[in-house]
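Participant: predicted model follows, preceded by the sequence.
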Amino acid sequence: MSQIIVNTIKNKIYGNGRGWCFTPKHFVGIGTAAAIRQVLVRLEQDKFIRRLAQGLYDYPREHDKLGLLPPQMDHIAKAISERDSIRIQPTGAYAANLIGLSEQVPGKVVYLTDGPAKKIKIGRQEIIFKKTTIKNMDSAGTDVGLLIQALKHYGQKNLDGDVMIKVKRFVKKIDQKEIKKNLKNMPEWISSLVIRLVDIK
């Protein structure tokens, strides 16, 4: 095993910081596929990195009292999307959590994707990738995309006063150009609501 390859891989992991999730594909160009896999196996054995699933690792975060912390679902999903060259969009209860409408992180985290549907089990949690339409992915990876999916999850009839305060707070943070660009991707009731909240001219 080339020490140069080992050091280069370790330096890249260090550079991305604790909490980084990655796959062997993130090290393409450093060595052969076999050499990269061999290094990752060795680093896992040395407890420098953690294997989360087949071909999926992280550089785990550490807590003084709790020890190693579980991986963050969005970091795992990002690593998979980069490996597979797909777009992803958090949806459902997870989208609501990410924009502050709910404090509860669901046991099943769901992403819309333009890639293949799949499920990945990480400890007690599960990441689900649901294949969807091109239109639903137009706003993928944006704050507007998160907002659309969170509001779809709640539904028009369930937006009470407390929820609306949080929605307005989140909407105010989004650039109006981004909102205008994505109005066409919103259901009519959501676009009407957003226009009313930000007073788009």
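Facilitator: That came in fine, so what should we check first? Numbering: from 1, shown residues only.

Participant: ok, the residue nearest to the spatial centre of the chain to H153 distance?
Facilitator: Centroid check for the chain by C-alpha atoms, centre = their mean gives D74 as the closest residue, at 2.9 Å. Counting by C-beta to C-beta, to the nearest Å, the separation of D74 from H153 is 17 Å. From N, CA and C alone the C-beta is placed, and that goes for glycine too.

Participant: repeat for G92
Facilitator: 5 Å.

Participant: K121 in helix, strand or coil?
Facilitator: The local conformation at K121, judged by DSSP: H, G, I helix; E, B strand; the rest coil, is strand.

Participant: got phi/psi on the residue nearest to it when sequence neighbours are not counted?
Facilitator: With C-beta to C-beta, 6 or more residues apart in numbering as the criterion, K121 has its nearest non-adjacent residue at 7.1 Å, and that residue is A53. Torsion angles at A53 (phi, psi; degrees, to the nearest 10) stand at phi -160, psi 180.

Participant: same question for the one 5 residues further on.
Facilitator: Per-residue torsions, D58: phi -140, psi 160 (degrees, to the nearest 10).

Participant: same thing with L52?
Facilitator: Dihedral angles (degrees, to the nearest 10) for L52: phi -100, psi -40.
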